[in-house]
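Student: Give me a 3D structure for the following:
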Amino acid sequence: MRLLILAAAAVLLLLKVSTAGAARREALLGGWNPIKDLSDPFVGEIAGFAIKTHNDEAKTGLVLEKVLRGETQVVSGTNYRIIIQVKDGAETKNFEAVVFDKSWEHVRRLTSFKPVLGNA
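Tutor: This next block holds a predicted model:
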């Protein structure tokens, strides 16, 4: 009888671990998840990197005002898709930037930077 109870408990534990692992894998397999704290200094670092890289490549002088919203996507590193508000001279504009970051390999690159039309 004890063996039966122990076996049943083991099966229940395996099922719980299996479903928790499956839920975690779903979040890791490329879905976008909102960034909860836009004021996190690392988010600011990603936004600053996007602006600096774009400015260097496009020979512009955009200045970061703030991060309006953002999402992350776990791939073989992390993609950060952020909507940023910038100053372009006297004009305020919004852009969507995607930055790929793989910090353990010291890899970071701007993969997309485009204007957001209409309301951000």
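Student: which residues in this protein form helices?
Tutor: 2-28, 41-58 (DSSP state H).
Student: Mean pLDDT lowest where, among those helices?
Tutor: Ranked by mean pLDDT, those end with helix 2-28 at the bottom, a mean of 52.
Student: Quick one: residues contacting the spatially most central residue of the chain.
Tutor: Closest to where the C-alpha atoms of the chain average out (C-alpha atoms, centre = their mean) is residue 72, at 1.8 Å. For residue 72, the contacting residues are 32, 33, 35, 78, 79, 80, 81, by C-beta atoms under 8 Å, 6 or more residues apart in numbering. Yep, even glycine has a C-beta here, placed from its N, CA and C like the rest.
Student: at 6 Å what do you get?
Tutor: 33, 78, 80 (C-beta atoms under 6 Å, 6 or more residues apart in numbering).
Student: Switch these over to a markdown table; also include distance to residue 111, pLDDT and neighbour count.
Tutor: Formatted as a markdown table, the contacts of residue 72 follow (distance: C-beta to C-beta, whole Å; pLDDT from 0 to 100; neighbours: other C-beta atoms under 10 Å):
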| residue | distance to residue 111 | pLDDT | neighbour count |
| --- | --- | --- | --- |
| 33 | 18 | 97 | 12 |
| 78 | 12 | 96 | 14 |
| 80 | 10 | 98 | 25 |
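Student: between these, which is closest to residue 45?
Tutor: Comparing the contacts of residue 72 against residue 45 with C-beta to C-beta places residue 80 closest, at 10.0 Å.
Student: Alright, calling it a day.
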